[in-house]
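# give the three-dimensional model of this entry:
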Amino acid sequence: MNEETVFLGKPAAVWSYLTFIGLLIAVSMNGESKNPFAAFHIRQALGLNLLFIVLMVPMGYFDTWMISGPFYLAFFALWLFGIISAFQGKVQPVPLVGKFFQSVFGKK
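Residues are numbered from 1 along each chain as shown. This next block holds a predicted model:
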């Protein structure tokens, strides 16, 4: 991926990590241009958002930070890794689950 592609896709890539609304904004920003750098990070952010919802809704029923706290901390670390790699212009999957997100949400 060349520097121009990364430069043009960086705003959408960063927006994708900023809440679910930011993900929708990033998808609309990348709708016409189909930038591969932005698409990579949009898939990563989509996977993180969906995994957060799937795991945290049941975790919310536990009324203790001893159980839910480590999950919040783990998701914060994954989110931070993703947004930093987007800022730096790197195509680097999120640890543990990033390759899975690319295979599930990538083009078939």
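# for stretch 95-108, buried residues please.
For stretch 95-108, the neighbour count (16 or more other Cβ atoms under 10 Å) marks 98, 101-102 as buried. In short, each C-beta sits where N, CA and C put it, glycine included.
# make TSV out of the residues you listed and add pLDDT.
What follows is these, written out as TSV (pLDDT from 0 to 100):
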residue	pLDDT
Gly98	88
Phe101	88
Gln102	86
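# nearest to Tyr61 among the residues you listed?
Looking at the buried residues of stretch 95-108 and their distance to Tyr61, the nearest is Phe101, at 25.8 Å (Cβ to Cβ).
# contacting residues for that closest one?
43-44, 46-48, 93-94 (Cβ atoms under 8 Å, 6 or more residues apart in numbering).
# and if we set it to 6 Å?
Phe101 makes contact with 43-44, 47 under the criterion Cβ atoms under 6 Å, 6 or more residues apart in numbering.
# mind giving me the ChimeraX select for those residues, buried ones only?
Per 16+ other Cβ under 10 Å, the buried members of these correspond to this ChimeraX selection:
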select :43,44,47
